[in-house]
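Undergrad: Below: sequence and its predicted model.
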Protein chains: 2
Amino acid sequence: MRRSARTAPAALTPLADHVDPAWLPSEAFRALGSRRTVVCGTGALVDTVHGEVAWACGAFGGSVVRAEEPADDRPCDLLLHLGERLDAPEPLGDEGFTLVRRRGRTTVTAAGQRGLLYGLFHVVRLGEAAFGASRAREAHRPALASRMLDHWDNVAVHPVMGQVERGYAGGSLFWRDGRARGDLERVRTYGRLLAACGINAVAVNNVNVHATEAHLLTDRIGEVAEIAGALRPYGIRTQLSVTFAAPLVLGGLATADPLDEAVRAWWAEATGRVYAAIPDFGGYVVKADSEGQPGPFAYGRSHADGANLLADALAPYGGTVHWRAFVYDHRQDWRDRSTDRARAAYDHFVPLDGRFRDNAVLQVKHGPMDFQVREPVSPVIGAMPRTRLAVEVQATQEYTGQQRHVCALAPMWSQVLRWRPEGATGTSVGELARGGLVAVSNAGDDPYWTGHPLAQANLYTVGRLGWQPDADPFGLLDEWIDLTFTPARTEAPERLVAGLRAVLYRSWRTYEKYTAPLGVGFMVQPGHHYGPSVDGYEYSPWGTYHFADRDGVGVDRTRATGTGYAGQYAKPWAEVYESPDTCPDELLLFFHHVPYGHVLHSGRTVIQHIYDTHFEGVAEVEEARQVWASLVDLVEPARHTRVAERYEEQLRGAREWRDHINSYFFRKSGVPDAHGRRIH
Amino acid sequence: MRRSARTAPAALTPLADHVDPAWLPSEAFRALGSRRTVVCGTGALVDTVHGEVAWACGAFGGSVVRAEEPADDRPCDLLLHLGERLDAPEPLGDEGFTLVRRRGRTTVTAAGQRGLLYGLFHVVRLGEAAFGASRAREAHRPALASRMLDHWDNVAVHPVMGQVERGYAGGSLFWRDGRARGDLERVRTYGRLLAACGINAVAVNNVNVHATEAHLLTDRIGEVAEIAGALRPYGIRTQLSVTFAAPLVLGGLATADPLDEAVRAWWAEATGRVYAAIPDFGGYVVKADSEGQPGPFAYGRSHADGANLLADALAPYGGTVHWRAFVYDHRQDWRDRSTDRARAAYDHFVPLDGRFRDNAVLQVKHGPMDFQVREPVSPVIGAMPRTRLAVEVQATQEYTGQQRHVCALAPMWSQVLRWRPEGATGTSVGELARGGLVAVSNAGDDPYWTGHPLAQANLYTVGRLGWQPDADPFGLLDEWIDLTFTPARTEAPERLVAGLRAVLYRSWRTYEKYTAPLGVGFMVQPGHHYGPSVDGYEYSPWGTYHFADRDGVGVDRTRATGTGYAGQYAKPWAEVYESPDTCPDELLLFFHHVPYGHVLHSGRTVIQHIYDTHFEGVAEVEEARQVWASLVDLVEPARHTRVAERYEEQLRGAREWRDHINSYFFRKSGVPDAHGRRIH
């Protein structure tokens, strides 16, 4: 990594040579670092802010001083001011800030230290634009108070799932072979990157809590505290995934019944010890009664009982429990067509609306299934007005190319967050997500953090969408491009930006085209979920079926003749989805079983759509690969090479998907391609 | 295991309580142990023979004495005599023996110690019949000189394959977690069981030789020597699987080229050290250029060059190299229909006929693919008259129910061994297998040795078929029943024998019925190979396809229009297989792609055959389960319970197979079941 020497480090010590600066290369600090800055205020995060500016000035020749109070007569290009708002009455909270530029001075004001930190990174994002023409006062604050990453990291290497479950970026940043890695410098650097995109909480272990990991809650809390200490200077709170069976497996109790007094006392005491070790601890994350994890069902209790147990234990300290709504029957009989996994979260949780504590957040996957490339938005969102819901998305690309394929997910996430459960005049998902946005992290100890260098864009944009769910996702991708590649410093900025947009903007649609068509999902190899297997989950207990036969394909989820799932939506969506005439093409097979000859709104038949999109998808990958190749003179060699290598694999994989899917449906339908292309 | 106290132990010390006596329960020794026996001769194996008789007499009141010479006037029911044949001129070799009963005395005579041991176990098998009416002199000798078990046991637990690759009987008898287990008593007991069924060689480690296992050849040969020492008293030689890359990975040489002088010297020296540690070492087993294992192809050398390298190193000591013929392209493109894995062994090896050393054995899987429930016999067998071929079968039930399903394989193996490559008047496979019979062992440290107690029958019968390849397989199953269950000692011998016959005799055909139809094979879940997945290997690189589409199914392997595989057979088989009119029904889809409406010789269409056999197969499992349940009063409780539990799983599995296969073909063909049964 030739550019690493120019990287801005956390805590002002040099990073290991091999760690990529991601969206915080030193070049991104040039505008800031060449100015005169005054930092006003005191506190640990103000120290962080000052350190960042000082480092930038060291690199680019500017200056920074600290002052107790702002002074108009001091020569200064940038004032970073922690204190009462000078010119803004409305409260922006601990994380908000204002920015104004007048008379050649840019002023960032925040009431809280986190706000000042976010203001600083806003200035970094603006670059020279922060120091140009005057700017009227802008107020910034996050739309969602909680913007969390879930790390599915195991402490001990799991015999099947490895060190990081669904991890495609090397090992864990936190754990290795049963122990904390202790590389707190890297954790701190990670926290810095996260702060710069708006993340403010990290859950440091897998929601599947195995035997070793259970102990993080009690005798191994010290290891969590060390991580929390490394993340704290960047305003990030630490959360912990815990097992609902903790009172049994750690406490030696005979039950984990959430209504049992001894159980409640055990959690209260355990939580007290956690806060003694980590005073700003964020709270718990729980996967209960899900895919084999223990939960309240074993005691005849509801998930509200379960979540409230932990919420009550956390309440005295201001902590929050994130309770996952991913509850379904994973031992379903595929012969049973009356059970529909898509219905499960709604059926389980909507009746509990209003029964959760204020500090219990119900964490709902954005779609009803499991992070497929195309799903409808979960009908749970919008159906529980008296519950704090968090929307969970997956930055780690389990079903979208596993960071070997380019798949920029911001456009998909944005579509979810802007969707309106009640229809065009209703509230959006982003507004309904009062419990925040949660993303399964795609980062690991890979030198590029995310395996595929372009997958950094997913980590960046998910944080930014948490801050502003209605942001233009392509604008966020542009931000990431600007910071990461600093095109203005290259010989051909327009060509570089155009090239990066070409490989990123449509990459999700491209991935969709060459993989599972029309919302059908789950045509993946069982277990590892990489690569195609149309019937891989068709005769399985996982509730994931497409019902393809020689006549047609898709799942009838209508109220009239199917599983009734479409009826879980409010009008008008329930009506839109109920009929193949109104159902959007891209979700047709999610809601309907149709003949191969069914004509889509696009005018193509389903079978011809399958053929066409698969040929198109591969062609688009070929194009993207060419575009990337053409940027060789504008991208640092190591990064260019790694992406180029991954494009080889993506192209191989896309062709495999194309041929597998097309052959499968050709063999089944017998319908030849209208254009006579080769189908094996 | 309540009966274990009555078990005859190896070396006269009690076995651990939990180890099943298998086909050598003490009851099997009653006839012998209640007689007066004289043992004549000296040597370690004669000591073994004497120890066996002494133990039996201790249990049943008989007596045994040792004598230097047989004496007619000594009161004696059984004379076990190592020495010159008294009444038989023809040589029976080291392993043969004669048996005669005259004037109330049974005499077993052998020229070699092994022969005496086999004679002893023959007397055990005969039971009371050995001491009844006079018997004319019978000469016994093994048809095949080598009867070997290959253990696919890893020393270190493999991250994917575990301690025993394709092991369904617990851990390894030899290794645990990277080290020799050191439980030599159990190894000795194993050797005793093997001697009693005719096995005379054991390869103690996996043919896939990983990093740890490679060292068994050199610095860890002492661990092999200890195992060899435990097996030696029962006449069993030890073999070792070695990596062809040993000169590189162990010797530090820059090449493993079989024609390189330094490589040849390295192998000679390494082999000398092996024999210094194990003077009666049997030789090497090699999987080369196969599924990722290194081999001579890397150096542009032939497999004859590779095998002869090791044969030359072993020759001074009388050792043999078993060179596996399982060489094929496991990274095939499924889109490439011109490559046919079935052809591979023939294409690779037949041109090398006559080029292998006399002490090189080419070990050929019995079928051209990989131990499917139904395959044609490999065309290699019979096509290499100037090469010593061994036939490899798989006692471990990788593709035949993994010792959770009953599948007695002797009828299948017998069919292979009695098959005649040149047609009815030609030589049989059993006669052509001059290099012996090799079976992948199904034994592990499970208390019943084989996981499923009834899978012991496979271990027993494979040894017996090596001794006598033309034996009636049902007769061998009866032998196993007699020894293991000693029905004569139960209250209802006929019912017990009839019941056991009912569950065993047709179990292979039953398994075939509910799994992959008409020879098509490989419709299994990828990786672990348990349970159905029709397309699991259809779009894979493994060369295992069925090409099912909406019109038909099967692989065209004819000369006329297919891959030409059928032409690898000698007449008349090449002609028989070439046409669907003459091809046996059970292999139809192996050789031909036919429409679902194709009418079989049975009069049924292919699709109706699929439906019918799958319903029949499940019904037969239900029947067998009932039969087993009816034997509850005649089988010791622990054994009965374990088999009954496995029948539950077998029935669940059979139903899963039935419904999966039937649904798949119904969805694809659209043809309804003629009998209107439920297809999902």
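TA: Looks like it arrived, so ask away. Numbers count the residues shown, from 1 in each chain, chains lettered A, B, ... in the order given.

Undergrad: how many other residues sit next to residue A:284?
TA: Neighbours of residue A:284 under the rule other C-beta atoms under 10 Å in any protein chain shown: 27. All C-beta atoms are positioned from the backbone trio N, CA, C, and that covers glycine.

Undergrad: Who is it paired with across the strands?
TA: Under DSSP bridges, the beta-bridge partners of residue A:284 are residue A:240, residue A:321.

Undergrad: how near is residue A:333 to residue B:62?
TA: For residue A:333, the distance to residue B:62 equals 59 Å [C-beta to C-beta, to the nearest Å].

Undergrad: Same check on residue A:270?
TA: 69 Å.

Undergrad: between these two, which one's more packed in?
TA: residue B:62 (21 against 18).

Undergrad: Please, where are all the strands along the stretch 351-500 of chain A?
TA: In the stretch 351-500 of chain A, the segments counted as strands under DSSP state E, counting those that start in this stretch are A:360-365, A:388-394, A:436-440.

Undergrad: could I get those as TSV with mean pLDDT, mean neighbour count and distance to chain B?
TA: Below are the strands of the stretch 351-500 of chain A laid out as TSV (pLDDT from 0 to 100; neighbours: other C-beta atoms under 10 Å in any protein chain shown; distance: least, C-beta to the nearest C-beta, whole Å):
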stretch	mean pLDDT	mean neighbour count	distance to chain B
strand A:360-365	98	26	27
strand A:388-394	98	25	24
strand A:436-440	98	27	24
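
Undergrad: Dump those into CSV; add distance to residue B:402 as well.
TA: Listed next are the strands of the stretch 351-500 of chain A as CSV, based on distance: least, C-beta to C-beta, whole Å:
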stretch, distance to residue B:402
strand A:360-365, 35
strand A:388-394, 35
strand A:436-440, 35
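
Undergrad: Could you find the closest non-adjacent residue to the residue in the stretch 51-200 of chain A positioned nearest to chain B?
TA: Closest approach between the stretch 51-200 of chain A and chain B, counting by C-beta to the nearest C-beta: residue A:159, at 7.9 Å. Leaving aside its chain neighbours, residue A:159 sits nearest to residue B:159 (7.9 Å; criterion: C-beta to C-beta, 6 or more residues apart in numbering or on different chains).

Undergrad: for residue A:166, same thing?
TA: Residue A:166 sits nearest to residue A:398 (C-beta to C-beta, 6+ apart), 4.5 Å away.

Undergrad: To what extent is the one you found buried, counted in neighbours?
TA: Residues near residue A:398, counting by other C-beta under 10 Å, number 23.

Undergrad: With residue A:28 instead?
TA: Per other C-beta under 10 Å, the neighbour tally for residue A:28 reads 25.

Undergrad: wait, is it part of a helix?
TA: Yes. Per DSSP: H, G, I helix; E, B strand; the rest coil, residue A:28 lies within a helix segment.

Undergrad: measure the residue nearest to it when sequence neighbours are not counted to chain B for me?
TA: Closest residue in space to residue A:28, ignoring its immediate chain neighbours: residue A:483 at 4.8 Å, by C-beta to C-beta, 6+ apart. Here residue A:483 is placed at a distance of 39 Å from chain B (C-beta to the nearest C-beta, to the nearest Å).

Undergrad: Show me the beta-bridge partners of residue A:391.
TA: Beta-bridge partners, per DSSP bridges, of residue A:391: residue A:364, residue A:437.

Undergrad: I'd say it and residue A:362 touch.
TA: No. The criterion here is C-beta atoms under 8 Å, and residue A:391 misses it with residue A:362 at 10.2 Å.

Undergrad: The residue in the stretch 201-350 of chain A positioned nearest to chain B and residue A:411: what is the separation?
TA: Relative to chain B, the nearest point of the stretch 201-350 of chain A is residue A:335 (4.4 Å; C-beta to the nearest C-beta). With the distance defined as C-beta to C-beta, residue A:335 ends up 38 Å from residue A:411.

Undergrad: Next up, the contacts around the residue sitting nearest the centre point of chain A.
TA: Nearest to the geometric centre of chain A sits residue A:439, at 2.8 Å (C-alpha atoms, centre = their mean). Taking C-beta atoms under 8 Å, 6 or more residues apart in numbering or on different chains as the contact definition, residue A:439 lies against A:148-150, A:392-395, A:459, A:462-463, A:466.
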